[in-house]
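S.K.: could you look at this predicted model? Sequence included:
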Amino acid sequence: MRIYIGLICIIVGCQEAVEPTPAPADAVVQPEPPIKVKRRTSTTGMVRIPSAVVSIGPRHMPPVAPEYAHTGPPPVGGEPPKNVVPSHWVSMGGRGLMARQVNVVPFLIDQREVTREQYSIFLKNTGYRLPHVGEAWADDGWNWTSSEVPSEYAQHPVVLVSYYDAQAYCAWVGKRLPTEAEWQLAALGPAAEQRNYPWGSRYSDDALNHGRVETPNFDASDGYERTAPVGSFPSGRSPYGVDDMFGNVWEYTADYRIDDWRQSTYNGFGAHGEMLEAHAPGPGLQIAVRGGSFYFDFRPQPGGEWTSFVPEIRRKSAGFRCAVDVSPS
Amino acid sequence: MIQVLLFLIAAAPPDAVRVPAGTFEQGSTRAPDEQPVRTVRLDGFAMDATEVQVSEFEKFLGGGWHLDQHWSPQGLAWRNKNPRGSGREMRSAGRDGRHPVVSVTWYEADAYCRSVGGALPTEAQWERAACNGEPGPFPWGNSETVPARWANKSGGDAVMRVDTAPVDEDKVPVASGLRHMSGNVWEWTSDWYHRESYSDGDTTNPTGRQKGTWKTIRGGSFMNLPSYSTCTHREPTVPDDVRLTLGFRCAYTLD
């Protein structure tokens, strides 16, 4: 319980105007408004992705343990979903979350993951936190000790960044993180194409910087034990020419992981039951992360790797790329 | 004409923890933004023993929220644009009133503390109260096996479940009486974040830089690894951030 020592002063006919509540003694120095970064967003190095429908949810996923399987009536909000999946399939987009068709409007996305050099410019121009974690493994070449980046790593994707770090960078360059639906469209194209991998329908060991399931989880058979310079796998490009969507580093999306489409926002339904511009802005506890990395994930699932990270965590295997709306002109 | 004037004289609540004036070593060598370690002198202050609870914040929403004098100019502008606040639906989410309030922006936390005659703690106040310059790295020492409340739930099942502990649940008694400085929920401080905050500015009652883009939050949460929950760990975030893992407590000046 808060206790006030309240002094109630009843003044009859008092003419002096007295400030009713004195400001707390010296409390906080009056904060100035946050620096508003007004800059022209550079769309150099960005790829325009046209409007299309993607399917978020299970896709060619094998049956999984029954405790994760959805049983019973469709749980999702409003009306029954048009695209019901078999009950023994699990959505990696959120346990129990059934697949939905989502319509994505045109947008621009970075062709390549944000590099250490680009992130270094952001760090030098702001007082933002260096990519650094206080854990022993990170001293093995991962932690930054200044805003300088060694030239041999300049074109590698920045890692050891959290979801919030990624948001801060994208905001600083006048962009934003892509939604999960946008990310998936940029990687795999429209749902109708049924594409399993950005580069086609068959897995190729040479099309991405992958890792391995067995320890050690690094794998150098693709030419890179750890991260690779962005754009090192031109044969792994997506149908729109976007690089490294699978492999190299996990990529943050703007979305939180949700259990239920009712927790998402969307602009209604289209003619075929597709949700329009659906995303999960949160707040939630875990972020939707896509794409797999050089570490651990060998041979991504057809349709891509999905996972969820705590938004504060900084991993050696997680980076990002930014997106931006197409200007209405 | 009768005017009724109500004076609220700022005073720390009786159950707040008193921290006497003195010096302590702020920072650590664990991260670049915690360096250089520096000697900081602070006036005496008091700090809430616990994080602000849902029930306390609900009271504020029914009263002080509507009084303009509790808000900073930026906070007032924010409140007028967000008359229902930011995370009203999320913050209780079935939890009882003894849990820490979450999903509050910096503006709301700042206004709440002003409304009870206090202020958000500065980073230096927060860190002194948490560890008082002891090596820690946690308020209770170096054990990671007796956590205040944390877990790496990256494989978690219910992704929307807010799994805080009641603010006064005391798994790890700390001599100071302050609970959950590490763990449970992140806590807002009054300072703007800058990674070089410690290499410039005053070392007497430091308040950080006078402007910035990001505020500093402290203490980690139940969702984070221990290394994010040390007494010295600093995280930047925008003042209108809304997280299910971010709350606050207030500090008070002592006469």
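M.R.: Yes, it's here.

S.K.: low-scoring stretches of the stretch 101-250 of chain B, by residue?
M.R.: Within the stretch 101-250 of chain B, the segments meeting pLDDT under 70 span B:145-161, B:170-172.

S.K.: I meant to write the stretch 1-150 of chain A there.
M.R.: In the stretch 1-150 of chain A (pLDDT under 70), the answer is A:1-40, A:58-97.

S.K.: so what's residue 129 up against?
M.R.: Picked chain A for this. By CB atoms under 8 Å, 6 or more residues apart in numbering or on different chains, A:R129 lies in contact with A:D165, B:D33, B:Y193, B:R195, B:R234, B:E235, B:P236. For glycine as for every other residue, the C-beta is placed from the backbone atoms N, C-alpha and C.

S.K.: ah, no, chain B please
M.R.: Neighbouring residues of B:A129 by CB under 8 Å, 6+ apart: B:V17, B:V19, B:M47, B:P121, B:S176, B:L178, B:M181, B:A251.

S.K.: ok, now B:S115?
M.R.: B:F60, B:G63, B:G64, B:L67, B:H70.

S.K.: could you do B:A124 as well?
M.R.: The neighbours of B:A124, taking CB under 8 Å, 6+ apart as the test, are B:Q26, B:V40, B:L42, B:N205, B:P206.

S.K.: cool, B:D241 as well?
M.R.: A:Y164, B:T105, B:W106.

S.K.: can you verify it is assigned to a helix?
M.R.: No - counting by DSSP: H, G, I helix; E, B strand; the rest coil, B:D241 is located in no helix; its state is coil.

S.K.: one step back: need the contacts of B:A129 in a markdown table (columns: secondary structure, neighbour count and distance to A:H156).
M.R.: A markdown table is the format used below for the contacts of B:A129 (DSSP: H, G, I helix; E, B strand; the rest coil; neighbours: other CB atoms under 10 Å in any protein chain shown; distance: CB to CB, whole Å):
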| residue | secondary structure | neighbour count | distance to A:H156 |
| --- | --- | --- | --- |
| B:V17 | strand | 18 | 47 |
| B:V19 | strand | 22 | 45 |
| B:M47 | strand | 25 | 43 |
| B:P121 | coil | 29 | 39 |
| B:S176 | coil | 17 | 44 |
| B:L178 | coil | 21 | 42 |
| B:M181 | coil | 28 | 37 |
| B:A251 | strand | 25 | 43 |
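
S.K.: would CSV of those with distance to B:S55 be doable?
M.R.: What follows is the contacts of B:A129, written out as CSV (distance: CB to CB, whole Å):
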residue, distance to B:S55
B:V17, 20
B:V19, 26
B:M47, 19
B:P121, 21
B:S176, 24
B:L178, 20
B:M181, 21
B:A251, 20
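
S.K.: circling back to that earlier point, in strands, which of the contacts of B:S115 appear?
M.R.: Among those, DSSP state E puts none in strands.

S.K.: just the buried subset of those, written out for ChimeraX, thanks.
M.R.: Buried members of those, defined by 16 or more other CB atoms under 10 Å in any protein chain shown, are picked up in ChimeraX with:
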select /B:60,64,70
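
S.K.: out of the contacts of B:S115, who's near chain A?
M.R.: For chain A, no contacts are drawn from the contacts of B:S115 by CB under 8 Å from any CB of the partner chain.

S.K.: the chain: strands as residue ranges?
M.R.: Picking chain A for this. Under DSSP E, chain A gives strands at A:5-12, A:46-49, A:52-56, A:100-104, A:107-110, A:250-256, A:275-276, A:287-290, A:306-309, A:318-319, A:323-325.

S.K.: wrong chain, I was asking about chain B
M.R.: Using DSSP E, the strands found in chain B span residues B:2-9, B:17-19, B:22-26, B:38-42, B:45-47, B:186-192, B:215-218, B:235-237, B:246-247, B:251-253.

S.K.: compare these and give me the one nearest A:F246.
M.R.: With CB to CB as the measure, strand B:235-237 is the member of these nearest A:F246 (30.2 Å).

S.K.: who are the packing partners of that closest one?
M.R.: helix A:163-172, strand B:215-218 (3 or more CB pairs under 8 Å, 6 or more residues apart in numbering or on different chains; DSSP states H and E).

S.K.: pick the most buried one from these.
M.R.: Mean neighbour count (mean count of other CB atoms under 10 Å in any protein chain shown) peaks for strand B:215-218 among the helices and strands packed on strand B:235-237, with a mean of 26.

S.K.: now do that strand: distance to the chain's middle.
M.R.: With CA atoms, centre = their mean, to the nearest Å as the basis, strand B:215-218 stands 8 Å off its chain's centre.

S.K.: same check on stretch A:254-273?
M.R.: Taking CA atoms, centre = their mean, the mean C-alpha location of stretch A:254-273 is offset from the chain mean by 16 Å.

S.K.: now it: average pLDDT?
M.R.: Stretch A:254-273 shows a mean pLDDT of 87 in the predicted model.

S.K.: how close does the closest residue to A:S42 other than its chain neighbours get to B:T39?
M.R.: Residue nearest to A:S42 in three dimensions, not counting chain neighbours: A:V173, with 7.2 Å by CB to CB, 6 or more residues apart in numbering or on different chains. Taking CB to CB, to the nearest Å as the measure, A:V173 and B:T39 are separated by 38 Å.

S.K.: same deal with A:E148?
M.R.: With CB to CB as the criterion, A:E148 and B:T39 are 29 Å apart.

S.K.: can you check B:F248 too?
M.R.: Distance of B:F248 to B:T39, computed by CB to CB: 27 Å.
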